[in-house]
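> show me how the following folds:
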Amino acid sequence: MKSMPYVLLGLALCLCSPAALAHEPHSMLQPSQTVELVFHQHMGAELPLGTQLRDGLGHSVRLGDYFHGEPVVLVLEYLRCRTLCGVVMQDAARALLNTPLVAGRDYQVIALSIDPRDGPADVRAARAKYLASWSAEAARSWHFLTGSAAAVHAVASVVGFSYRYDPQLDQYAHPAGITILTPRGSIARYILGVGYRPLDVRLAVTEAAQGRISSPVADLLLLCYCYDPGTGRYSFAIRNTTDVLCGATVLGIALLMIRLTRSSSRRDADAPAAPAAPPMRDTRRS
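Here you go, the predicted model:
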């Protein structure tokens, strides 16, 4: 076991080496900007239900038009995303399909685009892509909404959903996760990252239906930005951020290795010497 710290250190160095990172053009966002892009969890905050948005046909609607007495699963993303948004949407749809909850009766889903350029054509493509396994009746509980930059930001700021646009890459950097809302539009729970478990989603929706507000969950930095869903890796565009995080990991493992080595040396030095074995007696008869 004494070699374990060295194994961990070597593994961290390999993972943080340039060869372990994909090579893509640099982004304009700095590491300090991307690290800040997490869900700032505002438990119990009430969404601005009067916000004017657009539905899948481009008609003007209010956010509150989709609160009919059921909890709402809110997904903030953008429809023309080529990175992690599709994974979030697919995982949310798959998790909901694998619960005993009935769409339209037990919950509604709102997918709100943060990109003001998304329009009806993008909504049609998204519905065909993400709801192919849903019945026509159940798919009606999914509402793909778009809106102006100011309107969407008003909703996102209450949710605590931070995002930035990188014009050089034509991508939005934002966190991955979904938000569960009570029937009155209050934030009940966050489920962060991807790969949502149906049980977690079911419990979150069930508790939200009762108006229960959960405690904040542990922060998770998983960005929909320069992410290749085909390989499951991030590109060189966030290499600086990755280098910072990996450097901290290597430093932590190195300190742990030094501490363990010193502790082992002290234990060896403090251990009492083993008593000398008594001389063997000759039991043979003369």
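> going forward, measure contacts between C-alpha atoms and count neighbours the same way
Fine.
> so what touches the host helix or strand of Gln90?
Taking DSSP states H and E as the definition, Gln90 sits inside helix 85-97. By CA atoms under 8 Å, 6 or more residues apart in numbering, the surrounding residues in contact with helix 85-97 are 75, 77-79, 130-131, 134, 176-178, 193-198, 201-202, 224, 229.
> show me where the stretch 51-200 of the chain has its strands.
Using DSSP state E, counting those that start in this stretch, the strands of the stretch 51-200 of the chain run over 52-54, 60-62, 72-77, 108-113, 142-145, 164-166, 171-173, 177-181, 187-192.
> what residues are up against the closest residue to Leu199 other than its chain neighbours?
The shortest distance from Leu199 to any non-neighbouring residue, by CA to CA, 6 or more residues apart in numbering, is to Thr99 (7.2 Å). When contacts are counted by CA under 8 Å, 6+ apart, Thr99 is found next to 198-199, 201-202.
> which of those lies closest to Arg164?
Val201 (27.5 Å; CA to CA).
> near the spatially closest residue to Gln210 that is not a sequence neighbour, how many other residues are there?
Spatial nearest neighbour of Gln210, excluding adjacent residues (CA to CA, 6+ apart): Thr182 at 7.7 Å. Residues near Thr182, counting by other CA atoms under 10 Å, number 28.
> try Ala150
So Ala150, with other CA under 10 Å, has 12 neighbours.
> Arg202: which element?
Following DSSP H and E, one finds Arg202 within helix 198-209.
> what mean pLDDT does that helix have?
For helix 198-209, mean pLDDT rounds to 96.
> buried set for it?
198, 201-202, 204-209 (16 or more other CA atoms under 10 Å).
> Pro48 reaches Val155, doesn't it?
Yes. If you go by CA atoms under 8 Å, Pro48 and Val155 touch, sitting 6.4 Å apart.
> the two: which is more packed in?
Val155 (20 against 17).
> so how far is Val72 from the more buried one?
14 Å (CA to CA, to the nearest Å).
> same question for Gln108.
Counting by CA to CA - Gln108 and Val72 are separated by 5 Å.
> mind checking which of those two has more residues around it?
Val72 (30 against 26).
> quickly list what the more buried one is bridged to.
Counting by DSSP bridges, Val72 is bridged to Gln108, Leu181.
> and for the one 5 residues further on?
Beta bridges link Glu77 to Ser113, judged by DSSP bridges.
> hmm, it is touching Pro116, no?
No. Shown here, Glu77 and Pro116 do not form a contact pair, counting by CA under 8 Å, at 11.3 Å.
> so, low pLDDT: which residues of this structure?
1-35, 218-255, 260, 263-286 (pLDDT under 70).
> 80 instead, please
Scanning the chain for pLDDT under 80 picks out 1-37, 81-84, 217-286.
> can you give me the helices for it?
4-15, 31-35, 85-97, 120-130, 136-139, 149-159, 198-209, 239-270 (DSSP state H).
> hmm, Phe161 is touching Pro175, no?
Yes. Look at Phe161 against Pro175 with CA under 8 Å: they come within range, at 7.2 Å.
> what touches both of these two?
37-39.
> top of those by neighbour count?
Going by other CA under 10 Å, Phe39 tops the shared contacts of Phe161 and Pro175 with 25 neighbours.
> ok, now how distant is that residue from Gly195?
Taken as CA to CA, the span from Phe39 to Gly195 is 17 Å.
> what's the answer for Ala188, then?
20 Å.
> what domains does the record give for the protein?
Domain ranges of the chain: 1-24+236-260, 26-234, per automatic domain parsing.
> of the ones you listed, which stretch is the most buried?
Looking across these with neighbours counted as mean count of other CA atoms under 10 Å, the highest average goes to domain 26-234: a mean of 19.
> so who does Val75 touch?
Val75 sits next to 89, 109-112, 177-179 when contact means CA under 8 Å, 6+ apart.
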